[in-house]
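Novice: Fold the following, please.
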Amino acid sequence: MSSEAKTCQSCRNQFTIEPDDFGFYEKMGVPPPTRCPRCRRIRRLSFRNDRDYYRRACDLCKRNIIALYPAADDSASVATSAKEVAMAGKPTETSASWRIPPVYCVKCWWSDAWDPLQYEQRYDPQRPFFEQCREIFEKVPTIAMQNDDGVSSVNCEYTTDMWYSKNCYMTMCGWQDENVFHSFHAEHTKDTVDSSHIKHCEWTYECVGSTKCYRCSYCVFAHDCHDCFLSYDLKGCSHCVLCVGLRNKQYCILNQQYSKEEYEVKLKELRLESRASIEQHRKKFSSFLFKYPRRYAQILKSTATTGDMLTNCKNAKDCYFGNSLENSKFIVLNDGAKETYDCNAVGHPELCYENITSDHSYHCAGTIFSVKCREVFYSSNCPGTEHLLGCAGLKKGSHVILNTQYTAEEYEKFKSQIVGDMRKRGEWGEFFPVSMTPFAYNESLAYEFDPLLREEAVGRGFRWKEERERDYKVTLPAGKIPDTIGEVSDAVLNEIIGCTNAGTKTKCFTAFRLIPDELRFYRAMNLPLPKLCPNCRHFARILQCNPPQLWHRTCACNLHTHFHGSTSCPNEFETTYAPDRPEIVYCEECYNAEVA
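Specialist: Residues are numbered from 1 along each chain as shown. Below is the predicted model of the structure:
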């Protein structure tokens, strides 16, 4: 079968379905997609909120809790957005505003104090199936925060998508972590603050895309390193500061080799305990870094793979932030996927399609936070289940449609009928329409990977939530935060600290407080207190990673000492560096010839 060019129903751009893709869709029993990979990703991620939390009461035990959902709909914001879309005369999937279902705290939701089958609903063949799914999703109680605090995790109440962890705070998308704060996508990591996409790290601060690092700070793409500071793309290094592209080096500053004694003298002169000094070094390092070529992609120990920040992958195409992927495509944030397309923030799925967080699941499609599932379709928050269609809130069980229990024979009969009806309406194989997401675009994970402007998001049918007024009474302005941690007393734990970006950056908290564990961390690492709020620090780290999008480019190397001799390098590749960016981008062969 040959490739097929199609026009995306959302953005109207052209995209291509490759021959191998048709084989996957046939295995899944779904038609080819009608939207391009990027629009499919945006639609899925709009159903996930990681960072906008609300204070409210649990609708079962009435305890005051923190939740991903407010106590009531922000109907004014929704109505404004819908009106703007109508006035613009653009096609949209927006319909009536989302009605928030009952919200239960983590312990109540995981308990046996309620029965999700009491919300059973019979299928109506005269109505769209997605419309009936929406009714189920709006009436079945949902979990306040997507974590297992008090079940398999300890002291992780203020986290999202956090599992089997201990003492974590404001960390999203992680598992088997301990003492990890204000971080994103951390695995098997301990004693870490303000880091993203890290694995098997300990005592790390402001690190991105790094693995097996110890006592490292401000490092990007560092692997198997310890005691490194403000460096880029290091492997097997120790005691390196302001360095780029080093391999198995120690006692280096600005890529210059020193003896241990010389290094220690120079290190004291750098005054890395001072915030003012660190800010000066970061500016200097930014200019220094641009002099060096960049590898076209951070892909390690992989074959036949495209994307970025991938390790141990085989035949993974257009994938990002993943490990051990095989025969998979269009995945962002994943470990261990096999024969899986279009899934996000998911671990070890097999033969899965268009899912959000379907860990350890097999042959599932259109699911949201439904882990350890088998043959589950178009369902939300249904862990440990099998043979479901259009369900919500089931924690066990099988052969259920719209939360109605059937025998195995009845289930197969009704499922066949519903799938046939969905095919006729163009629903089967598509993810839920954006009108069904409970979150506004700018409070969803889609906004972090694809930060659309308000007008564009609304024009595409998404809701938009206006920034909440924050009237925090700042007691410690950013300009008065001590320069070193040695100047900070325990009294800082009672302060409301102003963010440097207050009033100038979207999603800025404007102010923040420290928890005792953070203060202990800064003291142990001899690091100054931050001047930015946690949200501003998070979005600054996002900018250190390229967007999950590929461009075709040619290697920029023209060095005569490389394999291509006196001519420019002929190697071509798919890269996340857009053609108009200023970085010098090399192919793998030329880059490896240059790194020390």
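Novice: Mean pLDDT per helix and strand in the protein: which one sits at the bottom?
Specialist: helix 75-88 (a mean of 43; mean pLDDT, DSSP states H and E).
Novice: Show me what secondary structure element comes after it.
Specialist: Counting by DSSP states H and E, the next helix or strand C-terminal to helix 75-88 is strand 103-104.
Novice: now that following strand, how far from the chain's geometric center?
Specialist: 24 Å (C-alpha atoms, centre = their mean, to the nearest Å).
Novice: by contact count, what packs against that strand?
Specialist: On a contact count with 3 or more C-beta pairs under 8 Å, 6 or more residues apart in numbering; DSSP states H and E, strand 103-104 meets strand 142-143. Bear in mind the C-beta positions are built from the backbone N, C-alpha and C, glycine included.
Novice: And for the strand it packs on, what's in contact with it?
Specialist: 69, 101-104, 106, 109-110, 380-381, 392-393 (C-beta atoms under 8 Å, 6 or more residues apart in numbering).
Novice: need those residues in JSON lines with pLDDT and neighbour count, can you?
Specialist: Formatted as JSON lines, these follow (pLDDT from 0 to 100; neighbours: other C-beta atoms under 10 Å):
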{"residue": "Tyr69", "pLDDT": "95", "neighbour count": "22"}
{"residue": "Pro101", "pLDDT": "96", "neighbour count": "20"}
{"residue": "Pro102", "pLDDT": "97", "neighbour count": "17"}
{"residue": "Val103", "pLDDT": "97", "neighbour count": "24"}
{"residue": "Tyr104", "pLDDT": "97", "neighbour count": "23"}
{"residue": "Val106", "pLDDT": "94", "neighbour count": "22"}
{"residue": "Trp109", "pLDDT": "96", "neighbour count": "23"}
{"residue": "Trp110", "pLDDT": "94", "neighbour count": "17"}
{"residue": "Ser380", "pLDDT": "98", "neighbour count": "25"}
{"residue": "Asn381", "pLDDT": "97", "neighbour count": "23"}
{"residue": "Ala392", "pLDDT": "98", "neighbour count": "25"}
{"residue": "Gly393", "pLDDT": "98", "neighbour count": "26"}
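Novice: how about these in a markdown table, adding distance to Cys237?
Specialist: Listed next are these as a markdown table, based on distance: C-beta to C-beta, whole Å:
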| residue | distance to Cys237 |
| --- | --- |
| Tyr69 | 45 |
| Pro101 | 50 |
| Pro102 | 52 |
| Val103 | 47 |
| Tyr104 | 48 |
| Val106 | 41 |
| Trp109 | 45 |
| Trp110 | 44 |
| Ser380 | 45 |
| Asn381 | 44 |
| Ala392 | 49 |
| Gly393 | 49 |
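Novice: From those, pick the one nearest Cys569.
Specialist: Ser380 (48.8 Å; C-beta to C-beta).
Novice: Could you report the neighbour count for the nearest residue to that closest one once chain neighbours are set aside?
Specialist: Nearest residue to Ser380 in three dimensions, chain neighbours excluded: Ile368, at 4.2 Å (C-beta to C-beta, 6 or more residues apart in numbering). The tally of other residues near Ile368 (other C-beta atoms under 10 Å) stands at 23.
Novice: Surely Ile368 is in contact with Ser361?
Specialist: No: the criterion here is C-beta atoms under 8 Å, and Ile368 misses it with Ser361 at 11.8 Å.
Novice: Tell me the residues that contact both of the two, please.
Specialist: Asn355.
Novice: quick one: contacts of the longest helix along the chain?
Specialist: In the chain, taking DSSP state H as the definition, the longest helix is helix 408-425. Contact with helix 408-425 is made by 31, 123, 125, 128-129, 387, 389-390, 398-401, 406, 428, as judged by C-beta under 8 Å, 6+ apart.
Novice: could you redo the last one with a cut-off of 10 Å?
Specialist: 29-31, 122-132, 375, 377-378, 387-390, 398-402, 404-407, 427-430 (C-beta atoms under 10 Å, 6 or more residues apart in numbering).
Novice: next SSE after it?
Specialist: Helix 408-425 is succeeded, C-terminally, by helix 446-449 (DSSP H and E).
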